[in-house]
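Novice: structure of the sequence below:
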Amino acid sequence: MAVTDGRRGDPSQPDRPVVDEPSLMDALGGRKGLLDSALPALTFVLTYLLTGQDLGPALGAALVVGGVVALLRLRRRDPLRNVLAGFVGVAVSVAVARTTGEPVDYFVPSLLANAGAAVAWAVSIWVRRPLLGVVVGAVTRTRTWRTDPVLLRAYQRASWIWTASFVLRLAVMTPLWLADALVALGVAKVLLGWPMVLVVIWLSWQVLQPAYAARRQTLGRGDLAAAPGQGRDRRPDAVA
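Specialist: Numbers count the residues shown, from 1 in each chain. Predicted structure coming up:
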């Protein structure tokens, strides 16, 4: 999947890509990063069950795995912000569960994070600065999504998909937390993690692709209408 709006590396050409799936995946930590995020939670649940529901070793195992994952991601040269965010998330989860003494409270930070994300993404859409556009713009170093009204509306619609994903996690995991369903929480954490993120990225692409296709057509018509020698001298982003 890719959205193109000109050729990368040659601003004078009308086919430079400005958005593509790998860039969005990189912004989220990559496929391996999404997979890694579930390992500490799985380790916590499995260790808790295998040790006869002993909370201490389970929390220690989760913290160790979180540290190992962080080191591996640093070795892969993943973005430092993603590495730190992942490890800090595990450390906070361990601290909360250790303080309350309740195993299911390991997932409280995740619930709060999803609630905060749902609010933040909804507000960003309301103020016409959809966070999906902010993420993609930061990765691709373009502000086209802000200057093109069609793209802006597309990013607003796509951002609602992400908002819905955060709400879905809350709707599924909150009742499980209230019911002290530790194993079910662990399963939900995995299934509503990277598998759902991949689906959300695909759905976002379905929303964004027509807007970028329309933009390419508009730029093409502009090149054809330009006087000889003028159309190829203009940067695509300047037309937005």
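Novice: now do the same for the closest residue to residue 48 other than its chain neighbours: its pLDDT.
Specialist: Leaving aside its chain neighbours, residue 48 sits nearest to residue 58 (3.7 Å; criterion: CB to CB, 6 or more residues apart in numbering). Yep, even glycine has a C-beta here, placed from its N, CA and C like the rest. In this model, residue 58 is scored at 95, pLDDT.
Novice: ok, residue 58 touching residue 47?
Specialist: Yes: the criterion here is CB atoms under 8 Å, and residue 58 meets it with residue 47 at 4.2 Å.
Novice: which parts of stretch 131-145 are buried?
Specialist: Within stretch 131-145, the residues scored as buried using 16 or more other CB atoms under 10 Å are 131, 132, 133, 134, 135, 136, 137, 139, 140, 142, 144, 145.
Novice: same question for stretch 168-177.
Specialist: 169, 170, 173, 176, 177.
Novice: poorly predicted segments of the chain, please.
Specialist: 1-36, 220-240 (pLDDT under 70).
Novice: please repeat the previous calculation with a cut-off of 90.
Specialist: 1-39, 69-70, 72-86, 135-148, 190, 193-195, 197-198, 201-202, 204-206, 208-240 (pLDDT under 90).
Novice: how about the strands in it?
Specialist: With DSSP state E as the criterion, the chain has strands at 2-7, 16-20.
Novice: biggest helix in this structure by residues?
Specialist: Assignment by DSSP state H gives helix 194-225 as the longest helix of the chain.
Novice: on that earlier part again, want to throw the buried residues of stretch 131-145 into TSV with distance to residue 155?
Specialist: TSV is the format used below for these (distance: CB to CB, whole Å):
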residue	distance to residue 155
131	9
132	5
133	4
134	9
135	10
136	8
137	9
139	13
140	12
142	12
144	10
145	5
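Novice: relative to residue 194, which of the residues you listed is nearest.
Specialist: The nearest member of those to residue 194, counting by CB to CB, is residue 135 at 16.7 Å.
Novice: please say which of residue 58 and residue 47 ends up with more neighbours.
Specialist: residue 58 (24 against 20; other CB atoms under 10 Å).
Novice: that one and residue 162, how far apart?
Specialist: 31 Å (CB to CB, to the nearest Å).
Novice: cool, and residue 70?
Specialist: From residue 70 to residue 162 the distance is 25 Å (CB to CB).
Novice: these two: which is more packed in?
Specialist: Higher neighbour count among residue 70 and residue 162: residue 162, with 24 against 21, using other CB under 10 Å.
Novice: ok, the more buried one - contacts?
Specialist: For residue 162, the contact set (CB atoms under 8 Å, 6 or more residues apart in numbering) comprises 121, 131, 132, 200, 204.
Novice: surely the fourth one and residue 161 touch.
Specialist: Right, residue 200. Yes: at 5.6 Å, residue 200 and residue 161 qualify as touching, with contact defined as CB under 8 Å.
Novice: count residues in the vicinity of the residue nearest to residue 67 when sequence neighbours are not counted, would you?
Specialist: With sequence-adjacent residues excluded and distances taken as CB to CB, 6+ apart, residue 67 is closest to residue 87, at 6.7 Å. Residues near residue 87, counting by other CB under 10 Å, number 19.
Novice: residue 87 and residue 70 touch, don't they?
Specialist: Yes: shown here, residue 87 and residue 70 form a contact pair, counting by CB under 8 Å, at 4.2 Å.
Novice: could you count how many residues lie near residue 122?
Specialist: Neighbourhood size, residue 122 [other CB under 10 Å]: 18.
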